[in-house]
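Colleague: Here you go, sequence then predicted model.
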Amino acid sequence: MVDVLIGLQWGDEGKGKIVDLLAPRYDIIARFQGGPNAGHTLIVNGKKYVLHTIPSGAIHPNTLNIVGTGTVIDPMTLCAEMDMLMADGIDVSQRLELSDKAMLILPTHKMLDKYFEESKGHLKIGSTLRGIGPAYQDKYARIGIPLGHIHHKDFDAQVKELSLFHLSLLKIYGLRPEDFDLLDHAKTTWLDAIERIRSLSITAIEDTINQAIKDGAKVLAEGAQGSLLDITFGSYPFVTSSNTISANACIGLGIAPQKIRQVIGVFKAYMTRVGSGPFPTELSNETGELLRTHGHEFGATTGRKRRCGWLDTALLHKAIILNGVTDLMMTKSDVLNCLPTFTAHDKNGSAHEFASWPDDIAEITQIDHLPKNLLKYLDFIDHQSGIQVSGVSTGPQRHQMAYR
Ligand code: IMP
């Protein structure tokens, strides 16, 4: 059976922590969409790991980590991540399987991302510039290079042909000499990374997963970004370039819909967004600044400041419906007590004020034992979202979690 875990907002909901926490219950953790635009932060034994490509099961010695068919892979980021883990004695290479159908990100994809974005003027998305959009563009134009082609005889020729096509596009966009030099340098590093990943397990992961399910294995499909950034249901064009909602776990891993059991939806007690696009409950004032500082709201991938605002339960409710959420988890509730009072919007857009709590909640493990004011907030969310919150994260550490 497969459980799917997805973010219900604009990404950065704290999914990495929840996946890491749930990992021991699963045999396989699999990423099904997106690429190194994601930044999943895990804090284990006081040490911080930020993962962009490798699923968040990386730290668990018995978990198989799968990078699925619906993803895009930058070999350089992948190698850097493996090295980061290796520096801590974690050799993930034997527990990592990459889809032969995942699409390769070339250095020219990243450069195109930058030039496309520059040309957009006021319609700039605020892309992470990791080449994600251009790589998916090529996939759907049927000129992309699937990872499995790494073992084809004419792989080098494919890379050359696609790079030349990209260069012709970049010239139209006015490729600057310094960027041309950058590309030249990146080419060598990219090819070195390709050589390194050749020895990894690159397979038809859909066969691995379906056989594992048949054998009784438990799979967790780990979503990246968030539902409000979904290419179809998000605030287009200010979205990412993949479907981020739970339904895409089927396509992105090659599993049938009836294999899915639970859909775990993760949301933050307030809201954040990196990049451009509508944010109805945004706080462009000192309160927003306070949430940013106390919540360490800076992008895990780009370091950019995250825009902060109140919880909008109309958006939360819609995301719950689109994903078919069965289990609802709230993160970063501890950040709210940097304020004496805070606000949340109901489904009709009306603001409601809540008092915070002076108590430290970091060691509370049962929802019933949380401060009365936080319980009031949870009641409001349960009522507005139509589903009870079943887990409340009370701090960044793995064990800081209260359950119902
Ligand atoms: P792209 O996916 O890098 O093209 O970026 C498109 C939009 O999605 C931008 O607003 C990014 O800031 C946002 N985005 C992409 N990935 C993430 C993520 O993992 N967390 C939060 N925002 C993201």
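Modeller: Received it, and whenever you're ready, just let me know what you need.

Colleague: from here on, contacts and neighbour counts on C-alpha atoms
Modeller: Will do.

Colleague: residues in contact with the lowest-mean-pLDDT helix or strand in the chain?
Modeller: Lowest by mean pLDDT, DSSP states H and E among the helices and strands of the chain is strand 40-44, with a mean of 85. Residues from elsewhere that reach strand 40-44 (C-alpha atoms under 8 Å, 6 or more residues apart in numbering): 12, 14-17, 20, 48-52, 56, 300, 396-398.

Colleague: ok, the following helix or strand past that strand: who's next to it in the sheet?
Modeller: The C-terminal neighbour of strand 40-44 among helices and strands, as given by DSSP states H and E, is strand 47-51. In the sheet, strand 47-51 lines up against strand 40-44 (antiparallel) (DSSP bridges).

Colleague: re earlier: how about the least confident helix or strand of the chain: buried residues?
Modeller: 40, 41, 42, 44 (16 or more other C-alpha atoms under 10 Å).

Colleague: Backbone dihedrals for the closest residue to residue 305 other than its chain neighbours, please?
Modeller: Closest residue to residue 305 apart from its sequence neighbours, by C-alpha to C-alpha, 6 or more residues apart in numbering: residue 298 at 4.6 Å. For residue 298, the backbone dihedrals (degrees, to the nearest 10) come out as phi -130, psi 140.

Colleague: Can we start the residue count at 178 from this point?
Modeller: Sure, I'll start counting at 178 from here, so that last one is residue 475.

Colleague: quick one: contacts for residue 475?
Modeller: So residue 475 contacts 469, 481, 482, 483 (C-alpha under 8 Å, 6+ apart).

Colleague: What segments of the stretch 378-527 of the chain are helices?
Modeller: Here the stretch 378-527 of the chain has its helices, by DSSP state H, counting those that start in this stretch, at 382-391, 425-430, 463-471, 490-500.

Colleague: Would you mind finding the most buried of those?
Modeller: Comparing the helices of the stretch 378-527 of the chain by mean neighbour count (mean count of other C-alpha atoms under 10 Å), helix 425-430 ranks first with a mean of 24.

Colleague: quick one: contacts for residue 208?
Modeller: 231, 232, 243, 244, 245, 248, 398, 399, 400, 401, 429 are the contacts of residue 208 under C-alpha under 8 Å, 6+ apart.

Colleague: Could you report the neighbour count for residue 369?
Modeller: Residue 369 sits with 14 neighbouring residues when counted by other C-alpha atoms under 10 Å.

Colleague: Remind me what the longest helix seen in the chain packs against, helices and strands.
Modeller: Using DSSP state H to define each element, the chain has its longest helix at helix 354-374. If you count contacts as 3 or more C-alpha pairs under 8 Å, 6 or more residues apart in numbering; DSSP states H and E, helix 354-374 packs onto helix 252-263, helix 284-295.

Colleague: From the buried residues of strand 217-221, pick the one nearest residue 436.
Modeller: Checking the buried residues of strand 217-221 against residue 436 by C-alpha to C-alpha gives residue 217 as the nearest, at 25.4 Å.

Colleague: hang on, the earlier thing: show me which of the contacts of residue 208 is closest to the ligand.
Modeller: Proximity of the contacts of residue 208 to the ligand (C-alpha to the nearest ligand atom) peaks at residue 401, which lies at 5.8 Å.

Colleague: Thanks a lot, catch you later.
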